[in-house]
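J.: sequence and predicted structure, then a few things I'm wondering about:
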Amino acid sequence: MRADPLLSIVVTIVDGGRFLRDFLYTTTQFRDPPPLELIVPYDESVAEVAAYQAEFPHVTFMPLGKITPGRPITTEAGQHELFDRRRAAGLAAAKGDIIAILEDRGHPTPDWARTVVRLHAETGKNVVGGAIDCKEPTSLLNWAFWVTDFGRYGRPFASGPAEWVSDVNVTYSRKALEATRHLWKDRFHEPVVNWHLISLGEELLLSNELVVEHVRPPATLARLLPERFHWGRLFGNIRARHFSPAKRAAYILLSPLIPPSLWIRHGITQFRKGKGGRYLLALPYIMIMTIAWTLGEVWGYITLRP
């Protein structure tokens, strides 16, 4: 790796519009960044984002044409497939020595880019993930969503080896990316890639110095519950493909225990972070969303459908 490596950032469009614009603006505020390559892959369904090219000439807007997902584009499952395919296309085009994946919902802090380079150099790790803080102020429902999806990545926490890092804030060395290319050439699935790297002896590093702030539009339960179900179903499907038939059957049979175990786990995490009171206020929302996720996860175990 060069002394001053090229950092590629693949930006996944989730909300688009002003959320993408605000994200791109944060990248103009980086302090002392290394050489950067910013890639925004977009398909026909979000083609309007190309209009930001003039405002952000440092960004490569990468047209992918029409993508037809396996499920309707109007569904959460269809949308998630678009996210996965955009990421994969961006990764394939990235030229960096270090390649990062961010979402337009996760705005990096001003020291983010320099911190990426420093952590890779200091630790020698091929996978470095970071913190995902909830941007305040936000509604109790939005915060409850953040807890169920990213609560473990919220500061404070101690940096160190981790079993999980999130594709909302993760960086890979070129070596790690090439070692997993066969797994993400069509769709990027974070668990599959990271599990494979772990099987090769890699250690994932989760750092509290590498920070993004999670921002999403005001949510409603009617909007969140289908998302939780379908994203849970995708996770269940991915997980089941790595299970033996006996283990898969056991997870299906024991699935009623998943929601209460999640409530306890999330609760312990948030109490340790000093947010126990807010967690109790948000618990009804968290219970509903974790049940929706579990139903989807179990359906993924049963059907084995992506």
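T.: That came through, no problem.
J.: okay, buried residues for stretch 67-78 please.
T.: Residues 67, 69, 76-78 are the ones in stretch 67-78 that count as buried (16 or more other C-beta atoms under 10 Å). For glycine as for every other residue, the C-beta is placed from the backbone atoms N, C-alpha and C.
J.: quote the end-to-end distance of that stretch.
T.: End-to-end span of stretch 67-78 (C-alpha to C-alpha, to the nearest Å): 10 Å.
J.: hmm, back to that, now, the most widely separated pair of the buried residues of stretch 67-78?
T.: Spanning the widest gap among the buried residues of stretch 67-78 are 67 and 76, at 15.8 Å by C-beta to C-beta.
J.: report all helices and strands that the helix or strand harbouring residue 142 contacts.
T.: Using DSSP states H and E, the element containing residue 142 is helix 140-150. The contact analysis (3 or more C-beta pairs under 8 Å, 6 or more residues apart in numbering; DSSP states H and E) places helix 140-150 against strand 127-134, helix 221-240, helix 258-272, helix 276-303.
J.: now render those as CSV, adding distance to residue 38.
T.: Listed next are these as CSV, based on distance: least, C-beta to C-beta, whole Å:
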stretch, distance to residue 38
strand 127-134, 17
helix 221-240, 26
helix 258-272, 32
helix 276-303, 32
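J.: these: which one's closest to residue 182?
T.: Judging the helices and strands packed on helix 140-150 by C-beta to C-beta, what sits closest to residue 182 is helix 221-240, at 15.8 Å.
J.: by contact count, what packs against that closest one?
T.: When contacts are defined as 3+ C-beta pairs under 8 Å, 6+ apart, helix 221-240 packs onto helix 76-93, helix 140-150, helix 190-199, helix 245-253, helix 276-303.
J.: so what's residue 87 closest to, chain neighbours aside?
T.: Leaving out its chain neighbours, the residue that sits closest to residue 87 by C-beta to C-beta, 6 or more residues apart in numbering is residue 188, at 3.9 Å.
J.: helix/strand/coil for the one you found?
T.: For residue 188, the assignment made with DSSP: H, G, I helix; E, B strand; the rest coil gives coil.
J.: that one - how many residues pack around it?
T.: 24 (other C-beta atoms under 10 Å).
J.: need the pLDDT of it.
T.: Predicted confidence (pLDDT) at residue 188: the value is 97.
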